[in-house]
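Student: Just a sequence and a predicted model for now, questions to come.
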Amino acid sequence: MARPTTNGLAQALQALQIRPTLPARPVIRSLAQQRRTYAIEVEAAAQQSSTPTPSELPPTELAPAAPKIEFGSFLSRPARIVPASPSYFSGSPRFIDHVLALEDLQAKYASLPTVAASEAPRMAWFKLAQFRDYVGEPVPMKKYKILVKILQRLNRIQPDMLPEEVKTTLKSFLRPGNPFAVEHVSRTVDENGRARAKGKRKESTAVVQLVEGEGEVIVNGKSLVEVFQRVHDRESALWALRCTQRLDKYNAWVTVRGGGITGQAEAITLAIGRALMMHEPGLKPVLRKAGVISVDARRVERKKPGHVKARKMPTWVKR
Amino acid sequence: MASSWCWSCLSRLRVTPTPRAILPPQSITPRVASASFHSSAVQYANPTKKKGALVTQKYRQGQTLRRKKKKTTERARPPAVGERKALRKRIVLSNPNALEVEGMQDLSAETMVDSRLRGSVVGLPLPMLDQLRAVQAFKPKQGWSIFRRPGTVLRRDTLEMGRLFEKISGEGSVPEKGKVVKKILTGLKGSGKTVHLLQAMAMGFLKKWVVISVPDARELVSGETSYTPLEGTSPLQYVQPNAVSALLTRTVEANRAVLSSLKVSQTHNGLPGLKPSSTLEDLAKLGFQDVAVAWPVFQALWTELTATAAAPGMEKDFVPRPPMVVTVDGLAHWMKESAYRASDYSSIHAHDLVFVKHFLSLLQNGQASLKNGGMVLYATSTSNNPAIYTLEVALEQLAARQAGISPSSPDYPSPEAYSGADERVLELFKPTTGKEPQFELQTFGGLTRDEARGYMEYFARSGLLREEVNETWVGEKWSLSGGGIIGELEKLGRHVRSTAQPAPVSV
């Protein structure tokens, strides 16, 4: 058996169906079953019993290689070989097959009642890159969106009336390990009243344990004053507590590693803000306004070859 | 009608003059008079300047090129020698622009033990300022210059010290006259160690004690003053006559009233110029008039001040001697090799300097030395601080002893093997024996919230702080200052206004 390739003829010439001459020359389209991508029109009717019918093939296997066509075994030589899939000669036949199959499904079950989009079960469809891997074709973003649109329409069918056929089809487009199935566990204050949270900024990482107290802060086992000599850094480290006026209500025990002074201070800001939200989730809007929740993900831009720094070019010299 | 001439031919024609016959007739290529760029008439233009060559030579004028010389601007002269240092060391104790705080009390024998005043700022009595200046109790950058008059916070440590002063002076409810309290002060930067020394000196002056102060321990070991070997000592020790003389000067200046009231009561063989009727002030003056005898004079003064009774035959004018306050700031400098060199160019250990050793020995035999009682306060510094491992270990040992860990227990800290710990330092910090009281380690932390509030209110009442000083505001500053570190509180208080203001809570 040859390896399945996108354009290999050998792969495609698998299911030979020999029929009596038909004026309309019907082509068997099998979109749901990917393995059969070719149909052959023959002039003389001769049924080949040796060729497996589509239903005999294992349905799970995607596009197995077709056996080599034995032209000698035909009773009469086929006039021409026609691909089973009408999209065979397009750039992305398998993708189009999928789209056509989904369109068929959509048309078939168009009459079923639907629910609002917000009430439909949340599904994690393939990301574009994953889908490209799945079909093995370079699918453009815009076209993939069309496919997702159909999927979403099918997903909106009232769940208790969803046909099994649609269910399985939809399932085949889900990302492995359905991310929306994972229940998000929100962290809470532990039994000793400690809220533990992390924060990052630049190269620094801070871990904060926040307990109710009188406003004492220890950073790496030292006083805040020893670690941050600049008042500004101290203020920014405790900004989450300060802007909510909770400075005298919590004690913080901080471990901060890496980076410089400013980065460490701002990593602590973030960590304290998150820890504070565990104690008082209602403070979230205030903290967001204070800029404590949104993460500053900027990092140092890399140096490029030909540049002196990330962007700086060497001085222009005439000769 | 289009011309039959192509453009390229025409242009070529114009560039290279060719026989006129080739040129097309005027009617075919009409000559366009090109308009000048400017539309104004040529006559209105400025008259063209005459060329330089045409300027006629004046009579007997030199023909060499003359350029205007650049004027040399008078540069400001660098300040005179010592002026910069004077500016750096200048101590300003008053700011006439600051408001006078109404109802501020002065430090006095009553207020220094009044626990109701805890957290409030008391002013240093104005007549005492000269004395405090003389012993160099004020340091630059302590923020004295932002207030109308110098004042200090009465914090818990201050009040405790005030009570000790009362006890040792033989007053109060539980007098302990003649007791010696020895303390080593440590703490974070800006936690008020040096100001604590200042408060001790101020209390000493209030109680009419004798105040002896080494304002900067570094100066004695950094090789700035002269030194000579002391004869007849083994191992060889060194004396610093100029430093001793300077200390005598400061001591006399600050304690003139006390010293002039005390008469010499012992016989001093090394000082023939001393009359039996002279006062201790006269005795000390001998030292700074003649630097060579400064050390014997200091020793004589010390014997006089610590005397409990007069020598036989001199009892006539004997007055009981007052207790003494001895303060040293920057102790760590005395725990290492000094910058001085011996004759074989080996470093001289700070403990081999007789003057330094005299003060350090008070830790081990303070009670024996200061028979009239007193207070020995040695502060470490964090702003100018050599890293001395042995001192760190020694202070840890001291803290452990204070926490009740016996020196024989395995938890007792000891220097690591091969760390090259200085035996002399460890020896100095070993627990005292016999009747000698142990010396204590006093670690300075921050102010409490109430004290911090009193301190910040003082800023507000001086007109430096224009914000409402309330519980939340003080709590915020208390946290930002690392738990009420007073130096940091001062920085926050003198900030005009921080740029970022917290948004009002709308929960």
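Tutor: Thanks, I have it.

Student: which helix of the chain spans the most residues?
Tutor: In the absence of a named chain, this looks at chain A. Once chain A is assigned using DSSP state H, the helix that runs over the most residues is helix A:261-279.

Student: try again with chain B
Tutor: helix B:354-369.

Student: and the next element down the chain from the helix or strand where residue A:148 lies?
Tutor: Here residue A:148 sits within helix A:141-155, counting by DSSP states H and E. Once the chain leaves helix A:141-155, the next helix or strand it forms, by DSSP H and E, is helix A:164-171.

Student: Show me which residues of the helix or strand that that next one is followed by are buried.
Tutor: With elements assigned by DSSP H and E, the helix or strand that comes after helix A:164-171 is strand A:195-201. Within strand A:195-201, the residues that qualify as buried are A:195-197, A:199-201, counting by 16 or more other CB atoms under 10 Å in any protein chain shown. Backbone N, C-alpha and C define where each C-beta goes, glycine included.

Student: Quick one: those as a markdown table, columns for pLDDT and distance to chain B too.
Tutor: What follows is those, written out as a markdown table (pLDDT from 0 to 100; distance: CB to the nearest CB, whole Å):
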| residue | pLDDT | distance to chain B |
| --- | --- | --- |
| A:195 | 95 | 18 |
| A:196 | 95 | 20 |
| A:197 | 95 | 19 |
| A:199 | 95 | 18 |
| A:200 | 95 | 22 |
| A:201 | 95 | 17 |
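
Student: and the residue of the stretch 101-250 of chain B found nearest chain A, how many neighbours?
Tutor: Going by CB to the nearest CB, chain A is nearest to residue B:188 of the stretch 101-250 of chain B, at 6.1 Å. By the criterion of other CB atoms under 10 Å in any protein chain shown, residue B:188 has 22 neighbours.

Student: buried residues in stretch B:341-355?
Tutor: B:348-355.

Student: want to throw the buried residues of strand A:195-201 into JSON lines with distance to residue B:323?
Tutor: Conversion of those to JSON lines gives the following (distance: CB to CB, whole Å):
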{"residue": "A:195", "distance to residue B:323": "54"}
{"residue": "A:196", "distance to residue B:323": "54"}
{"residue": "A:197", "distance to residue B:323": "56"}
{"residue": "A:199", "distance to residue B:323": "55"}
{"residue": "A:200", "distance to residue B:323": "59"}
{"residue": "A:201", "distance to residue B:323": "56"}
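
Student: of those, closest to residue A:98?
Tutor: Set against residue A:98, the nearest of the buried residues of strand A:195-201 by CB to CB is residue A:200 (40.6 Å).

Student: How confident was the prediction at residue A:132?
Tutor: The confidence metric pLDDT takes the value 94 at residue A:132.

Student: returning to that earlier point: for the buried residues of stretch B:341-355, which one is nearest chain A?
Tutor: Distances from chain A to those, taken by CB to the nearest CB, are shortest for residue B:350, at 27.5 Å.

Student: give the contact list for the closest one.
Tutor: Neighbouring residues of residue B:350 by CB atoms under 8 Å, 6 or more residues apart in numbering or on different chains: B:220-221, B:333-338, B:356.

Student: So what's the residue count around residue A:115?
Tutor: Neighbour number of residue A:115 under other CB under 10 Å is 13.

Student: From residue A:241, how far out is it?
Tutor: From residue A:115 across to residue A:241, the span is 45 Å (CB to CB, to the nearest Å).

Student: Also residue A:122?
Tutor: For residue A:122, the distance to residue A:241 - CB to CB - is 36 Å.

Student: the more surrounded of the two?
Tutor: Taking neighbours as other CB under 10 Å, residue A:122 and residue A:241 compare with residue A:241 leading, 26 against 10.

Student: Which element, helix or strand, includes residue B:184?
Tutor: Per DSSP H and E: residue B:184 is located in strand B:180-187.

Student: now the strands for the chain?
Tutor: In the absence of a named chain, chain A is used. A:39-41, A:80-82, A:195-201, A:204-212, A:217-219, A:222-223, A:250-257 (DSSP state E).

Student: that answer is for a different chain, and I need it for chain B
Tutor: With DSSP E as the criterion, chain B has strands spanning B:121-123, B:151-153, B:180-187, B:210-214, B:228-230, B:237-239, B:324-329, B:337-341, B:347-349, B:374-379, B:440-444.

Student: neighbours of residue 83, just the number please.
Tutor: Just going to use chain A. 19.

Student: that's the wrong chain, I meant chain B
Tutor: By other CB under 10 Å, 10 other residues sit near residue B:83.

Student: Alright, I will stop here.
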